[in-house]
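Engineer: test case, fold it:
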Amino acid sequence: MTVAAPVPSAAAPAHPLVIDPCLARFERAIEAARDLAIPTVEADAVRSDAAARLGFPSDAYVVALVGGTGVGKSSLLNALAGTEVSRASVRRPTTARPVGWVPQAAGDELGELLDWLGVAPDDVHETSSAELGRVAILDLPDLDSTSADHRERVEAILPRIDAVVWVTDPEKYADAVLHDDFLVRWLPRLARQLVVVNKADRLTPDEAEAVRRDLERDLTRLATGGDRAGRVPPVPVILTSATGGDAGTDALRRWLAEQVEAKQVVRARLIATIRDAVASLALAAGVDPTKPARPLLDRDDRRRAADGATTALLRVVDLPTLERQAVAATRARARARGAGPLGGLTSRLYRWSGRQARVADPIAFLARWRERGSLAPAVEPIRAAVAEPLRMAPAGTRQLLARSVAADGLERSLGRAVDRAVALRDEVPTSRVWPVIGLLQTVATLALVVTAIWVVLWVFVKFPVDSVALPVVGRMPTPFVALVVVLAAGYLLARLLGLHAGWIGRRWAHRLAADIRSNVEREVERAGFEGIDVTEANRLALWESARRIGEDCPAD
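Structural biologist: This next block holds a predicted model:
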């Protein structure tokens, strides 16, 4: 059965209960859990019910009598009311629908709230007694009824009740349905609750005390078991008898009549439910707010995986060949600008033949990086690093992580990362020295032409020339000496140009390789672990919400 949640009328007074910081923290926890693929159906229902409950007046709160078949819930309610409000019978189950007993002074303002709880107007009874204050009491159907819809009604209404009296008897106080299906789930979600062992008049005082101690021990076990330790307040246990006269219900009456403000009860109820819902989300995500936050992937393992992937990618990019290409490209540009007329012609032939594009074009070389190998070796270090976190992660998170490190997706991400890393905008470097050397080479070339003509005239035309006395070799014709000097000067200028271009080229090549290396490292860190980082951010947000929920949702 699903109980619809009507929107409170605009005429209803604003609820004085303000828990906005608590709801905001709860909202962040739900968003983080949803991003982690953790089911949030129950948390969404808690949030919806809390918003709806805050729209109703808080001058009265609702307590429900919940228990199994034949434990005497209806008899207890009748004993409290002093008249037959809920029909009790030996035929079980008797209560098929929730029955309410409300203070007359609060009857009108509780109408919409009871309607939201699924209590039909015909099943609401008013009392003029002021003994119990502004408390509305509901007798719910039996939680272990043979009629399935009875239990469904109980489970639909319980999330919206402000306080609960769990009713049992000497025969059913250890019943598995009560303990395993209801108490274990609802103890952490109710700030105000009581356990009543009805029909205690059938026991001797010693037997009754033994039952009470056994039940307290069981409640302590339920309250401290598993992840519930520290989240469940002590629940009092009382013995009563609906058929034992007024004295039989005095303890229950006193508990109901305690001077507790309704808004405090409602606030405590909402906060307890929200805190338990956040704790459940954290547990489902494998997050323990009582301990320091730990990443899914250890920092050292992540670093090693990134290094392994980067090394594999750089092997495909081939940085040593890139550096040789960069140096060759720098020297080619130097020849074009500083080798004189003959060097310029040689440079054009070098470029037109296509050789320069093959061995001296680092930009084109980088653009063809995918042709030199597979990305599979780069994927494996990342997948290996995530294997253990993947095994330990909850089911929903495990699916997210598995998708984030799927081989095809990782290869695409890493491929795009390398494309971004090698998208160079640097031009081949140049130097102001090269045009000066080029000018000197031009002069040397002209001098070479002149001296060559001089030598031809001297050799073939017998043009008279002087001679120059040289050490060791003796006297040599001046044209021949001039030719040797010009050739030596041209060679030295060419060597100077080559050395200078090589120095600049190597510097550029090293910078180019270093930039690509750092770019690839950065892109691998971003692209290779992008899915893990998103998961980590959501886990951290959920951990923080669960850890700080007590600050934003302090218990009264």
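
Engineer: give the bridge partners for V237, please.
Structural biologist: The partner list for V237 in beta bridges (DSSP bridges) reads V195.

Engineer: ok now the helix or strand containing V418, how far from the chain's centre?
Structural biologist: Here V418 sits within helix 407-421, counting by DSSP states H and E. In terms of C-alpha atoms, centre = their mean, to the nearest Å, the centre of helix 407-421 is set 22 Å apart from its chain centre.

Engineer: report all helices and strands that that helix contacts.
Structural biologist: Applying 3 or more C-beta pairs under 8 Å, 6 or more residues apart in numbering; DSSP states H and E, one finds that helix 407-421 contacts helix 299-317, helix 376-392, helix 478-523. In this view, the C-beta of every residue, glycine as well, is placed from N, C-alpha and C.

Engineer: next, the distance between the ends of stretch 419-433.
Structural biologist: When the termini of stretch 419-433 are compared using C-alpha to C-alpha, to the nearest Å, they are 35 Å apart.

Engineer: let me see the mean pLDDT of it.
Structural biologist: The average pLDDT within stretch 419-433 is 80.

Engineer: same deal with stretch 381-389?
Structural biologist: 86.

Engineer: check stretch 41-58 too.
Structural biologist: pLDDT averaged over stretch 41-58 gives 88.

Engineer: and it, what's buried?
Structural biologist: Neighbour-count burial for stretch 41-58 flags 43, 46-47, 49-50, 52-58 (criterion: 16 or more other C-beta atoms under 10 Å).

Engineer: can you name the two of the residues you listed that are farthest apart?
Structural biologist: A43 and P57 (25.9 Å; C-beta to C-beta).

Engineer: the helices and strands packed on helix 407-421: which one's closest to L252?
Structural biologist: helix 376-392 (47.8 Å).

Engineer: for the closest one, name the packing helices and strands.
Structural biologist: helix 299-317, helix 395-404, helix 407-421.

Engineer: quick one: the strands in the stretch 101-250 of the chain, in order.
Structural biologist: Under the criterion DSSP state E, counting those that start in this stretch, strands of the stretch 101-250 of the chain are mapped to 124-127, 135-139, 163-168, 193-197, 237-239.

Engineer: with distance to A176 and mean pLDDT added, can I get those strands in JSON lines?
Structural biologist: Below are these laid out as JSON lines (distance: least, C-beta to C-beta, whole Å; pLDDT from 0 to 100):
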{"stretch": "strand 124-127", "distance to A176": "33", "mean pLDDT": "81"}
{"stretch": "strand 135-139", "distance to A176": "23", "mean pLDDT": "86"}
{"stretch": "strand 163-168", "distance to A176": "12", "mean pLDDT": "90"}
{"stretch": "strand 193-197", "distance to A176": "16", "mean pLDDT": "89"}
{"stretch": "strand 237-239", "distance to A176": "18", "mean pLDDT": "88"}
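
Engineer: burial measure for A469, as a count.
Structural biologist: For A469, the neighbour count with other C-beta atoms under 10 Å is 8.

Engineer: which residue comes closest to it once chain neighbours are left out?
Structural biologist: The shortest distance from A469 to any non-neighbouring residue, by C-beta to C-beta, 6 or more residues apart in numbering, is to R475 (5.0 Å).

Engineer: the one you found and V468 touch, don't they?
Structural biologist: Yes: counting by C-beta atoms under 8 Å, R475 touches V468, with 6.8 Å between them.

Engineer: for I437, see how far away P205 is.
Structural biologist: With distances taken as C-beta to C-beta, to the nearest Å, P205 is found 115 Å from I437.

Engineer: these two: which is more packed in?
Structural biologist: I437 (23 against 9).

Engineer: shouldn't the more buried one be within a helix?
Structural biologist: Yes: I437: assigned to a helix according to DSSP: H, G, I helix; E, B strand; the rest coil.

Engineer: excluding covalently adjacent residues, which one is nearest to it?
Structural biologist: In space, I437 is closest to G338, 4.1 Å off (C-beta to C-beta, 6+ apart).

Engineer: tell me the confidence at that neighbour?
Structural biologist: Looking at G338, its pLDDT reads 80.

Engineer: around it, how many other residues sit close by?
Structural biologist: Neighbours of G338 using other C-beta under 10 Å come to 27.

Engineer: any idea how far it lies from A329?
Structural biologist: For G338 relative to A329 (C-beta to C-beta), the value is 15 Å.

Engineer: equivalent analysis for L65, please.
Structural biologist: 88 Å.

Engineer: kindly report the same for S241.
Structural biologist: 100 Å.
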